[in-house]
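Colleague: Here is my input, please return the structure:
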Amino acid sequence: MVIPVHDESYHDPALRPWVMWVLFAANVLALVYLWLVPPEVLHAIAYNFGLVPAFVTGAIPPGDLELVMPPYLTLATYTFLHGNWVHLAGNMIFLWVFGDNVEAAMGHFRFLLFYLLCGAAGGVAHVGSEPASVTPLVGASGAIAGIVAAYLMLHPWTHVTVLIFGVMTARVHAYWLLGAWIAWQFAAVLLLSSGEISYWSHIGGLLTGAGLVVVLRRPSVELFQRHQWH
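Modeller: As a prediction, the model looks like this:
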């Protein structure tokens, strides 16, 4: 297992990643809340705020359910729910290491818009892959995949420190680490049957992130920056 722990790409230290910090905190607090509520409440939250494809497509008419919000809004809310602490940690590590640089490249409001749109696109891709499913999808993976795509297009040559199998560290270029992660998402869609991980949501977030970073980055920010910072 290879886990990113630090990157060395440059951004103005005066540009505090407020949105990234708020998103990180919101995801953590949401899981703390889910951890504390009784099982019946947890079940209700999963089906009201998680993304249930059959509710979105109308395979199960929303009028037959007592939902607290229209199903299409769950394309946003599902990204703030996680199944357990391991699931949360896997997403938040990527948000923490790479999200600040993407926010610096876009600015606060556009980064928030970027995050929500990538998450929604991941949800749409998942719904398209399993339109009749009644299993709630939760997790920020679609939004995180968008951040991965954007970071790779902004800082492909940056060194990233990774933890390998929990026992040793190494420094690798971002294009190796993130490129391998992206390649695995496409390979998994082709080779694996459906399971606990929605690889289609990752693909939706990746493609959307790659497109949005082109139009949402600041005018002065270059793509595929080759300079090295230490």
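Colleague: how about the strands of the protein, start to end?
Modeller: 2-7, 159-164, 168-173 (DSSP state E).
Colleague: which strands and helices sit next to the first one?
Modeller: When contacts are defined as 3 or more CB pairs under 8 Å, 6 or more residues apart in numbering; DSSP states H and E, strand 2-7 sits against helix 85-106, strand 159-164, helix 174-191. All C-beta spots, glycine's among them, are computed from the backbone N, C-alpha and C.
Colleague: Out of those, which one sits most buried?
Modeller: helix 85-106 (a mean of 20; mean count of other CB atoms under 10 Å).
Colleague: That one - contacts with which helices or strands?
Modeller: So helix 85-106, by 3+ CB pairs under 8 Å, 6+ apart, packs with strand 2-7, helix 18-36, helix 108-129, helix 141-154, helix 199-216.
Colleague: Out of those, which is closest to residue 53?
Modeller: Ranking the helices and strands packed on helix 85-106 by their distance to residue 53 (criterion: CB to CB) puts helix 108-129 first, at 4.3 Å.
Colleague: now what about the closest one, what contacts it?
Modeller: Identification of contacts with helix 108-129 by CB atoms under 8 Å, 6 or more residues apart in numbering yields 18-20, 23, 51, 53, 56-57, 74-76, 78-79, 99, 102-103, 106, 137, 140-143, 145-147, 150, 194, 198, 200-205, 207-209, 212-213, 216.
Colleague: Give me the buried stretch members for stretch 119-129, please.
Modeller: Across stretch 119-129, burial judged by 16 or more other CB atoms under 10 Å covers 119, 120, 121, 122, 123, 124, 125, 126, 127, 129.
Colleague: re earlier: closest to residue 35 out of the helices and strands packed on strand 2-7?
Modeller: helix 85-106 (8.2 Å).
Colleague: Quick one: work out the angle between that closest one and strand 159-164.
Modeller: Counting by axes from the mean of the first three to the mean of the last three CA atoms, to 10 degrees, helix 85-106 lies at 180 degrees to strand 159-164.
Colleague: Using CSV, write down the CA coordinates of helix 85-106.
Modeller: Provided in CSV are the C-alpha atoms of helix 85-106 (Å, rounded to 0.1, in the frame of the first residue of the first chain):
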residue,chain,number,x,y,z
TRP,A,85,-12.9,5.6,9.5
VAL,A,86,-10.7,3.8,7.0
HIS,A,87,-13.0,4.9,4.2
LEU,A,88,-12.8,8.5,5.5
ALA,A,89,-9.0,8.5,6.0
GLY,A,90,-8.4,7.2,2.5
ASN,A,91,-10.2,10.2,1.0
MET,A,92,-9.1,12.8,3.5
ILE,A,93,-5.4,12.0,3.0
PHE,A,94,-5.7,12.9,-0.7
LEU,A,95,-7.7,16.0,0.1
TRP,A,96,-5.2,17.2,2.7
VAL,A,97,-2.1,16.5,0.5
PHE,A,98,-3.3,17.7,-2.8
GLY,A,99,-6.4,19.9,-2.2
ASP,A,100,-4.6,23.0,-1.0
ASN,A,101,-2.6,23.3,-4.2
VAL,A,102,-5.7,23.0,-6.3
GLU,A,103,-7.5,25.6,-4.2
ALA,A,104,-4.5,27.9,-4.6
ALA,A,105,-4.7,27.5,-8.3
MET,A,106,-8.4,28.3,-8.5
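Colleague: Now it: average pLDDT?
Modeller: Averaged over helix 85-106, pLDDT sits at 96.
Colleague: And that helix, how far out from the chain middle?
Modeller: For helix 85-106, the separation from the chain centroid amounts to 8 Å (computed by CA atoms, centre = their mean, to the nearest Å).
Colleague: Report the angle between that helix and helix 18-36.
Modeller: Going by the same axes, to 10 degrees, helix 85-106 makes 160 degrees with helix 18-36.
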